[in-house]
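> fold the following and give me the result.
(4 chains)
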2 protein chains.
Amino acid sequence: MNADTRLDVQEVSQIMKLLGDKTRLTMMKMLQLQDFCVCEFVELFNMSQPAISQHLRKLKDIGLVKESRKKQWIFYSFNRNHDCAFLVEDLLKHLPDQRERLAELEAQGLRISCD
Amino acid sequence: MNADTRLDVQEVSQIMKLLGDKTRLTMMKMLQLQDFCVCEFVELFNMSQPAISQHLRKLKDIGLVKESRKKQWIFYSFNRNHDCAFLVEDLLKHLPDQRERLAELEAQGLRISCD
DNA sequence: TCAGTATATAATAATATGCTTATATAAGTA
DNA sequence: TACTTATATAAGCATATTATTATATACTGA
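Residues are numbered from 1 along each chain as shown, chains lettered A, B, ... in the order given. Model (predicted):
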């Protein structure tokens, strides 16, 4: 049993509902590795910008991700302070690594980095 | 990392979608303890019989539960052979125990047992 | 075989979801 | 300031989800 033991069913089912979408589930898996900005996700998922934006908003509304502006981009990050963060990370362990996909983005020169 | 490592995102997101419902999530938590028949769930969730039946069908269709007839009742059980069984059990660990709720059912004399 | 009980299925209606297109906002830059 | 880029939001539409009601099916026991 873990540190977050005894989350309530209501909360967990809401989290599960959000992760019950392939795009959002993959987003969370990738956000375990590093932060991403919207335009990177647009490339990665080959999906329209508003569609991506709406998925991210849902994740943000429930608190699973945080956003922060850096220069002209808005970066999203995994919120490891969320009640269910431990549960979610546990779950994501079962999914295949996404580094390859990330490497492709890099190869296409579409990776955004700002330091 | 676990024995089921590297489930595909498609499959996991489907499972998550199913568990993204409070009733089904609780059902799975309870089925970890023991088998249940439909009428017990109807009492436990205070929900119509067809509604319960439809939730169970979804869980059965995806393979998370198995059914078996015993006398006039159909009992549902947790399918621990499912690809994602380990993942699901991991997840359910984070939820509150349901023994109390079960005790109530027992107290009301609504528990079905057939040996 | 018939009645009663347990369960499943079908049709339907209300609501939720996820995309699209169009537009607004906000920051960076000439 | 005006233009461009990055992102968010709103409206609309197609589809999915979940419950309800009505009905069908399958056992059990007299």
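> so who does the residue minimising distance to the centre of chain A touch?
The centre of chain A sits closest to A:Met28, judged by C-alpha atoms, centre = their mean, with a distance of 2.9 Å. Contacts of A:Met28 were listed using C-beta atoms under 8 Å, 6 or more residues apart in numbering or on different chains, and they are A:Leu19, A:Leu59, A:Leu64, A:Val65, A:Phe78, A:Val88, A:Leu92. From N, CA and C alone the C-beta is placed, and that goes for glycine too.
> can those residues go into a markdown table with extra columns for pLDDT and neighbour count?
As requested, those are exported to a markdown table (pLDDT from 0 to 100; neighbours: other C-beta atoms under 10 Å in any protein chain shown):
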| residue | pLDDT | neighbour count |
| --- | --- | --- |
| A:Leu19 | 98 | 27 |
| A:Leu59 | 98 | 23 |
| A:Leu64 | 98 | 25 |
| A:Val65 | 98 | 23 |
| A:Phe78 | 98 | 24 |
| A:Val88 | 97 | 27 |
| A:Leu92 | 96 | 19 |
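> give me the neighbour count for the nearest residue to A:Met47 once chain neighbours are set aside.
Of all residues not flanking A:Met47 in the chain, A:Thr23 sits nearest, at 6.9 Å (C-beta to C-beta, 6 or more residues apart in numbering or on different chains). Residues near A:Thr23, counting by other C-beta atoms under 10 Å in any protein chain shown, number 17.
> just say helix, strand or coil for A:Ser68.
strand (DSSP: H, G, I helix; E, B strand; the rest coil).
> give me the residues contacting the one helix or strand A:Pro50 maps to.
For A:Pro50, the element it lies in under DSSP states H and E is helix A:49-61. With C-beta under 8 Å, 6+ apart as the test, helix A:49-61 has contacts from A:18, A:21, A:23-24, A:27-28, A:38-39, A:41-42, A:45, A:65-67, A:76.
> how about the residues of chain A near chain B?
Near chain B, the residues belonging to chain A are A:1-2, A:4-10, A:12-22, A:25-26, A:29, A:84, A:86-87, A:90-91, A:93-96 when assessed by C-beta under 8 Å from any C-beta of the partner chain.
> out of the contacts of A:Met28, list just those in strands.
A:Val65, A:Phe78 (DSSP state E).
> let's have the contacts of A:Met28 in CSV, adding distance to B:Leu110.
Output for those, formatted as CSV (distance: C-beta to C-beta, whole Å):
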residue, distance to B:Leu110
A:Leu19, 34
A:Leu59, 40
A:Leu64, 38
A:Val65, 43
A:Phe78, 44
A:Val88, 36
A:Leu92, 39
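> quick check: mean pLDDT of stretch A:98-114?
Stretch A:98-114 comes out with an average pLDDT of 86.
> check contacts around the nearest residue to A:Leu92 once chain neighbours are set aside.
Residue nearest to A:Leu92 in three dimensions, not counting chain neighbours: A:Lys29, with 5.1 Å by C-beta to C-beta, 6+ apart. Shown in contact with A:Lys29 (C-beta under 8 Å, 6+ apart): A:Leu92, A:Leu95, A:Gln98, B:Val9.
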